[in-house]
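[1] No letters, just coordinates:
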RNA sequence: GGGCGGAUAGCUCAGCUGGUUAGAGCGGCGGCUUUACAAGCCGUAGGUCACAGGUUCGACUCCUGUUCCGCCUACCA
């Protein structure tokens, strides 16, 4: 047999071709208006930080799968793509580059720095988009957006002004999480507590005009330079008498009041607490209660300022700590140092230790927005999948704190607030004002800060569709259908979109939120660069092909927080692709005389009816699985059907008709059904493996321009054929038993055997007589099959028992009698133990009285079958005696 | 401190609202150059379903408790 179709599937040559084909035909472009129902997803915009990782591949594969599925179902689908400017992270990358060039952002200035950022954005964006295309993402590229685009910037200003006018945005001096490295405030969510092995430094504070002293235990001795009090618990007998007195702060010799406050825990440390209102959130609260002075001892970059005293000014905070410890030691004021394990906040973008720091910042009072968000979830306007995320969402929303939105950075949306140099009034408008809204002065200066990146991404579901204009696109696609993203950004992003969507649009931004797990390695450990267990998507696609990668991803997407994606799974994806390729190759090679236009009436045989029935079951379960976001299940079902039903059984069984049949209708029927099922299976699979399915589909004798816009299979009750499935079960059982004997008896496939079957039941006999022989030829070489109501057992034969059937395979001299005995003995044991269980159950009065009739009937049936089998096995075993 | 999830074959996971013999992928072992596929085909071995109770005629499945593992959240210096 000759063919020009390669023996192995070679994805590299195929993927680019079809992606371009799809783009050229504009298949991914959504219509602004359509009679078809809408289905829309906005992409979680990747940060323009360089390139994509496996997490992105996962996220976008799932979105593409859903979009392609819905597109094929006839929906007007919009997958809105784009990228995020990602403020701080991207700036850090640029700053590193500048340092390498021997300069810095301060040196080149704000304007030039921003220019450089835009250049970087163009490069990075291009790389990201091409990677998204490599994995096959069917985004509507004509609508691609970037968070700093003019349109989106207008949306940001509009949203800001709206919130400001409602009084929900305010500015003030508060204690924030300050990153001395990035020199900006960061949000609570960006601070990750990391356990570190620190120390408790026990420091002696002498009481003024007394011989007494207090011992203070602290993990951060350098902050003592900003101490303005010492606090004890009001009921602490050890210290009660000292309250109201004064201690002398070591080194600076400042006088500090001893105060009593409920906050102090008597059992922690020494029970005496140094109070540094400027550098600790709790101390800040104590300070407010007791009207204490607030002394800031740090500069923006984490070095000590002049308030720290001459000895320490300009030192880095950790150098200061070391020096201070030495100085205290030399003055005998450091009593002891104890190991102490405690959690310290680190900035998740740069890993530096966060400093609590008082500074002027802008805030959104999100409490009222959060209440609406909770309401939207409780009333079912928005649902989370998996359901456990709903609770997480509620908990966080209920305890929400004001959102600090100003960042002391340059790359981002500058806050639309202008300060008047004359009357000090604030002007907040969407369009850049040319005069003060209060006194009309032209002496205006815009706020230097930019907004938190999440502020602009929070508007993404509608800013990308043209808001604040009331566009056709918004009317058609807002609220979007589903948001697909990792559970780790539920608070960062999803929650903000929900709040801002409700506020700006009056509706939730999406009806469903599917939160997938994070990609892990084969041992369930999260993939991370520091662990060195990452998989590079580009390399993976080069090596295995995009479809194999996608299949592995969908197959692995389980509803757990971490999902293993081992390399062997991607290999399995490649093998699956190759299997489909070859099955298709085989069918295509057998279509030389096939005329799809033929008027010949097909005449389906048992296997044809069977595969159609099985296909229908697959169609039904896959549609259900996708509808419930059970991605792994969908992939399993299609894999099982394609490989183990279509390839292993159906294709094998029709070989007879394709190769040897002299009945043209029989052959034509096999071709027609095979092509039909292959066509349907490819369409089922297309959302998961778009390239391979398109390549094959284009070669099939089926009508249509592209599988991408063909229809997705729907369940069809008419295809269900329980009788065909039952009959095929009998045939398959017999074939499997024969194969098992061949395997265990080591009979080479080339050896022809004789098969004798005893089938006392007339119906079963009929099935075997009609269908066995023709369907068995592809599976085993035999010279003769004899089916009868009763068969005399040949002298030395291997025996298989299936229900009331006995299959004999005479093996005159080759039969290993001991092996055969062992085989039967094993089967007997299995049958006997199960039979005992069934008998025990049926002997139980309570069972017979209370169990449903259906279950009881099943048990009786099972019992009959087992008894029949046992009896026959025993009979055959006795023949050896 | 509060909350969530997990514990099933050597590894990673399925097993839905309790009901025949607990499955898959990968791996193991044995056999096949069968003309679609060795990235394949056939056969086969592995599990007292973490532990202890309870509900039930019946529990991997439901309930309670215990032990591990992972995660989220929280201001204990």
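    Nice, I can see it. Keep in mind it's a predicted model, so treat the numbers as computed, not measured.
[2] Closest to the centroid, which residue in chain A?
    Closest to where the C-alpha atoms of chain A average out (CA atoms, centre = their mean) is residue A:516, at 3.1 Å.
[3] That one pairs with what?
    residue A:486 (DSSP bridges).
[4] shaky segments in chain A?
    Applying pLDDT under 70 to chain A flags residues A:1-3, A:813-814.
[5] Go through it and flag its longest strand.
    Longest strand of chain A, by residue count under DSSP state E: strand A:191-207.
[6] Could you verify that residue A:358 is part of a strand?
    Yes. Counting by DSSP: H, G, I helix; E, B strand; the rest coil, residue A:358 is found in a strand.
[7] I'd say it and residue A:283 touch.
    No. Between residue A:358 and residue A:283 there is no contact under CB atoms under 8 Å: 11.2 Å. Any C-beta I mention is one placed from the backbone N, CA and C, and that applies to glycine too.
[8] List the buried residues for the longest helix along chain A?
    Looking across chain A with DSSP state H, the single longest helix is helix A:105-134. Buried positions in helix A:105-134, judged by neighbour count with 16 or more other CB atoms under 10 Å: A:105, A:113-114, A:116-117, A:120-121, A:124-125, A:128-129, A:131-134.
[9] right, and the helix or strand after that helix?
    strand A:145-146 (DSSP states H and E).
[10] Number of residues surrounding the residue of the stretch 51-200 of chain A found nearest RNA strand B?
    Relative to RNA strand B, the nearest point of the stretch 51-200 of chain A is residue A:188 (5.9 Å; CB to the nearest atom of the strand). By other CB atoms under 10 Å, 14 other residues sit near residue A:188.
[11] and it, what does it touch?
    A:177, A:401 (CB atoms under 8 Å, 6 or more residues apart in numbering).
[12] Alongside RNA strand B, which residues does the stretch 601-750 of chain A contribute?
    A:632-633, A:636, A:643, A:647-648, A:651-652, A:655, A:736, A:739-740, A:742-744, A:746, A:748-750 (CB under 7 Å from any atom of the strand).
[13] let me redo that: the stretch 1-150 of chain A
    So far as CB under 7 Å from any atom of the strand goes, the stretch 1-150 of chain A lies against RNA strand B at A:1, A:7, A:8, A:9, A:10.
[14] Where do the strands of the stretch 151-300 of chain A begin and end?
    A:169-179, A:184-186, A:191-207, A:213-218, A:229-232, A:246-248, A:255-260, A:272-275 (DSSP state E, counting those that start in this stretch).
[15] which one of those strands lies closest to residue A:792?
    Ranking these by proximity to residue A:792 (CB to CB) places strand A:191-207 first, at 79.0 Å.
[16] Check which helices and strands that closest one sits against.
    Applying 3 or more CB pairs under 8 Å, 6 or more residues apart in numbering; DSSP states H and E, one finds that strand A:191-207 makes contact with strand A:213-218, strand A:246-248, helix A:317-330, strand A:334-347.
[17] can we see that at 6 Å?
    strand A:213-218, strand A:246-248, strand A:334-347 (3 or more CB pairs under 6 Å, 6 or more residues apart in numbering; DSSP states H and E).
[18] Could you pull out the buried residues of the host helix or strand of residue A:90?
    Take DSSP H and E as the rule and residue A:90 turns out to sit in helix A:87-100. Applying a neighbour-count criterion of 16+ other CB under 10 Å, the buried positions in helix A:87-100 are A:87, A:88, A:89, A:90, A:91, A:92, A:93, A:94, A:95, A:98.
[19] cool, stretch A:414-426 as well?
    By neighbour count on 16+ other CB under 10 Å, the buried set for stretch A:414-426 is A:414, A:415, A:416, A:417, A:418, A:420.
[20] Equivalent analysis for stretch A:555-575, please.
    So, applying 16+ other CB under 10 Å, buried residues of stretch A:555-575: A:555-557, A:559, A:561, A:563-566, A:569-570, A:572-574.
[21] can you list contacts of it?
    A:386, A:517-520, A:522, A:524, A:526, A:544, A:548-549, A:551-552, A:631-632, A:635 (CB atoms under 6 Å, 6 or more residues apart in numbering).
[22] now swap in stretch A:505-518 and tell me
    Residues contacting stretch A:505-518 (CB under 6 Å, 6+ apart): A:376, A:381-385, A:389, A:461-462, A:479-480, A:482-484, A:486-487, A:494, A:497, A:501, A:526, A:560-563, A:629.
[23] Among the residues of the stretch 601-750 of chain A next to RNA strand B, name the ones in strands.
    Per DSSP E, those never map to strands.
[24] Buried ones among those residues?
    A:632, A:633, A:636, A:647, A:651, A:652, A:655, A:742.
[25] For the fifth one, give its distance to residue A:547.
    Distance check for residue A:651 against residue A:547: by CB to CB, to the nearest Å, it reads 21 Å.
[26] now do the second one
    For residue A:633, the distance to residue A:547 (CB to CB) stands at 19 Å.
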